[in-house]
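J.: quick one: sequence and predicted model below, then my questions.
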Amino acid sequence: MNPIDRHAAWGPGLAILASMVSVNAGAAWAKGLFPAVGSEGVTALRVGLAALILLGIVRPWRFGRPARSDVGNLLVYGLMLGAMNLCIYRAFERIPLGIAVAIEVTGPLAVVVLSSRHARDFVWVVCAGLGLWLLLPVAGATQLDPAGIAYALAAAFCWAMYIVFGKRVSTLHGGQAVAWGLLAASVFAVPFGVAHAGMALFTPAMLMGGVAVALLSSALPYSLEMMALRRLPQRVFGILVSSGPAIAALAGFLWLGERLTTVQWLAIALVIVASGGAAATSRRVGGSPADASITDGHDVAPDDLAANNHRVGGEAANPTTTPPA
């Protein structure tokens, strides 16, 4: 293999790795801001700043008003986006990053599996269910805050609904859907942040911290993912990004000193296997939600649902990749 071919083979994979590192570095940075303005304040900063930036870039009003039939779906899409960010940040407050992300990605996984008619996908349901069982208090092996687990499960549900309704508004082109969706998300999330943190939210230090979170969790990973998606098959992309929970756990350890038990690592590994397996065995069917990759997707744009789809701002690309968190 000559150097050019070697670069072509490794480049997209390294871009995906860098994207996931960036997303989780942003999550760790965001968690560091919680003592100052709370999870509600950080959510307001991320979603609010992302909405302002994207509205300024896309200017969706240039395309006229959305059709009446799209308005309801856009509102639900935006509500799910805002609620997903709020819930996952509240989960980050209470449980380690890796565990929260492992629970959250079961939302996109459920969309993929439920969209399939293959009995083999039941294996991934069992695998993910066993991983969740090991994290829940019923397993008796972990000491996790039940509220943190509940918020992560709520984020998983919101992520699943975000994908479903993102598909419904994917007919809007030019980034309109994600721009209007982020506006709706900010209308939902910003009042929570202002009510909790007050004027502390608007100090220069907090605004700069919010910009850093938006760049690390949204702008940079989205750019890297788009570059990788041009060269990687969707299935390979989905398998690679399925390692997101493990990278989140490593980020929590390196930046926040979060240590997981052997059982918790096993649970994360089971969820990763389920996500990667679902991505590897899924079949592309006309851009259905089943095509969504399973990663950390908090700001994803519906336009990319047609191409693949995470993560805010996690993202006019894969709703399952960089979800807006």
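T.: Sure thing, it's come through. Numbers count the residues shown, from 1 in each chain.
J.: where's G148, which helix or strand?
T.: If you go by DSSP states H and E, G148 is part of helix 146-168.
J.: after that helix, which helix or strand is next?
T.: helix 176-197.
J.: for that next one, name the packing helices and strands.
T.: helix 3-58, helix 68-94 (3 or more CB pairs under 8 Å, 6 or more residues apart in numbering; DSSP states H and E). Placement of C-beta: from N, CA and C, glycine included.
J.: got CSV for these, with mean pLDDT and distance to I272 too?
T.: What follows is the helices and strands packed on helix 176-197, written out as CSV (pLDDT from 0 to 100; distance: least, CB to CB, whole Å):
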stretch, mean pLDDT, distance to I272
helix 3-58, 82, 12
helix 68-94, 91, 18
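J.: which one of the ones you listed lies nearest to A195?
T.: Within the helices and strands packed on helix 176-197, the stretch nearest A195 is helix 3-58; the backing value is 7.4 Å (CB to CB).
J.: before we move on, back to that, looking at the helix holding G148 now, give me its mean pLDDT.
T.: Averaging pLDDT along helix 146-168 yields 90.
J.: redo the helices and strands packed on helix 176-197 as a markdown table? Include mean neighbour count and distance to A251.
T.: Below are the helices and strands packed on helix 176-197 laid out as a markdown table (neighbours: other CB atoms under 10 Å; distance: least, CB to CB, whole Å):
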| stretch | mean neighbour count | distance to A251 |
| --- | --- | --- |
| helix 3-58 | 20 | 4 |
| helix 68-94 | 23 | 11 |
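J.: turn the ones you listed into TSV, columns for distance to A214.
T.: Formatted as TSV, those follow (distance: least, CB to CB, whole Å):
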stretch	distance to A214
helix 3-58	5
helix 68-94	11
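J.: and these: which comes nearest L216?
T.: Go through those one by one with CB to CB and the one that ends up closest to L216 is helix 3-58, at 3.2 Å.
J.: now for that closest one, which elements pack on it?
T.: Partner elements for helix 3-58 (3+ CB pairs under 8 Å, 6+ apart): helix 68-94, helix 97-104, helix 176-197, helix 204-214, helix 220-229, helix 234-241, helix 244-256.
J.: where in the stretch 151-300 of the chain is pLDDT low?
T.: Along the stretch 151-300 of the chain, the model assigns pLDDT under 70 to residues 174, 226, 229, 232-238, 282-300.
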